[in-house]
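Q: this one's sequence-less:
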């Protein structure tokens, strides 16, 4: 059977050398004229398949030097530049040691070829509910620093996602870096992804659980959920239930069920809403027990 791949529509292409050049371009253009991208692993296929309306001009950020950093400070925490590849995050020694849940999430994204090209920032800006990096970054209270000609601003990650494919970024803004606060040395975390194949497929359900146990009680538990709502979310009811609760099977089961109720999944070709809720419960329970090991 012949497979027809559509060609890309005709578009102009710009590869700026500096952030200022990008901001100048966006400040002068009308909405929809420009499309900014980094790796292009989501944008280009969507344009090719006509899922996304083609812009008049593609703006490639890869020509900007110095934005691919992964830096850590014990007091400040972790800073990830907008052009840091998914693979650089997944394989970073400091992330593996200090933020293993993020390394796990990054390693679960697509294939090694895609991870070499794609960026964590792009994974967020694509704003699909199943983005693998989102639950982990939600659980870690990440902050996204954005920039435009009007100035800089910081957006909490739980306020960044607005709807499928839509973020809080303004048309003249770009995401400059991802900031994650320093973690308590006793904090543990894990990312669980349910998919037909662990890496190559989109998550049917993605769950990140982060926190610690202290003197027989749960402490600072945060739970991020992906692919089970119109946007990545925190399981706030489950977190409230766990706050200061004593560690026992009943508490774990109640919190897992509460997380399933926090989810608002849909039925689609990959899974039913009922199945997704059940798997949220399972993955949250596993995550909480992992923290206790």
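A: Cool, the structure landed. Nothing here was measured: the structure is a model prediction, and the numbers come from that model. Numbers count the residues shown, from 1 in each chain.
Q: contact partners of the longest helix anywhere in the chain?
A: Counting by DSSP state H, the longest helix found in the chain is helix 273-292. Helix 273-292 is contacted by residues 188-190, 192, 194, 204-205, 207-213, 218, 221, 223, 225, 227-228, 235, 238, 242, 247, 252-253, 255-257, 259-263, 265-267, 271 when judged by C-beta atoms under 8 Å, 6 or more residues apart in numbering. The way it works is simple: take the backbone N, C-alpha and C, and place the C-beta from them, glycine included.
Q: Inside strands: which ones of those residues?
A: Residues of these located in strands (DSSP state E): 188-190, 192, 194, 205, 207-213, 218, 221, 223, 225.
Q: Give me the three-state assignment for the residue most central in space within the chain.
A: The residue at the geometric middle of the chain, judged as the C-alpha nearest the mean C-alpha position with C-alpha atoms, centre = their mean, is residue 134 (2.5 Å). Per DSSP: H, G, I helix; E, B strand; the rest coil, the secondary structure class of residue 134 is helix.
Q: Then residue 138?
A: Residue 138 carries the three-state label helix when classified by three-state DSSP.
Q: How is the chain partitioned into domains?
A: For the chain, the structural domains run 12-63, 70-180, 188-292, going by automatic domain parsing.
Q: Let me know the secondary structure of residue 45.
A: Classification of residue 45 using three-state DSSP returns helix.
Q: Number of residues surrounding the residue lying closest to it once chain neighbours are set aside?
A: Excluding the flanking residues, the one nearest residue 45 by C-beta to C-beta, 6 or more residues apart in numbering is residue 51, at 7.9 Å. The number of residues packed around residue 51, counting by other C-beta atoms under 10 Å, is 10.
Q: quick check, residue 51 in a helix?
A: No. Under the criterion used here (three-state DSSP), residue 51 is coil, not part of a helix.
Q: State the distance from it to residue 43.
A: The span separating residue 51 from residue 43 equals 10 Å under the rule C-beta to C-beta, to the nearest Å.
Q: just residue 116 next, same as before
A: In this view, residue 116 and residue 43 are 17 Å apart by C-beta to C-beta.
Q: Which one of these two is surrounded by more residues?
A: For residue 116 against residue 43, the residue with the higher neighbour count under other C-beta under 10 Å is residue 43, and the figures read 20 against 13.
Q: Leaving out chain neighbours, which residue sits closest to that one?
A: The shortest distance from residue 43 to any non-neighbouring residue, by C-beta to C-beta, 6+ apart, is to residue 37 (4.3 Å).
Q: any idea which helix or strand comes after the worst-scoring helix or strand of the chain on mean pLDDT?
A: Using mean pLDDT, DSSP states H and E, the weakest-scoring helix or strand in the chain turns out to be helix 43-48, at a mean of 89. Taking DSSP states H and E as the definition, the helix or strand that follows helix 43-48 towards the C-terminus is strand 57-60.
Q: Counting neighbours, which bits of that following strand end up buried?
A: Along strand 57-60, these residues count as buried under the neighbour rule (16 or more other C-beta atoms under 10 Å): 58-60.
Q: Wait, residue 262 touches residue 232, no?
A: No. Distance between residue 262 and residue 232: 12.0 Å, which falls outside the contact criterion (C-beta atoms under 8 Å).
Q: residues shared between the contacts of the two?
A: Between them, residue 262 and residue 232 share these contacting residues under C-beta under 8 Å, 6+ apart: residue 225.
Q: Looking at those two, which one has more neighbours?
A: residue 232 (29 against 21).
Q: List the residues that contact the more buried one.
A: Applying C-beta under 8 Å, 6+ apart as the definition, the contact partners of residue 232 turn out to be 129, 131, 134-135, 138, 161, 224-226.
Q: Equivalent analysis for residue 165, please.
A: Shown in contact with residue 165 (C-beta under 8 Å, 6+ apart): 126-128.
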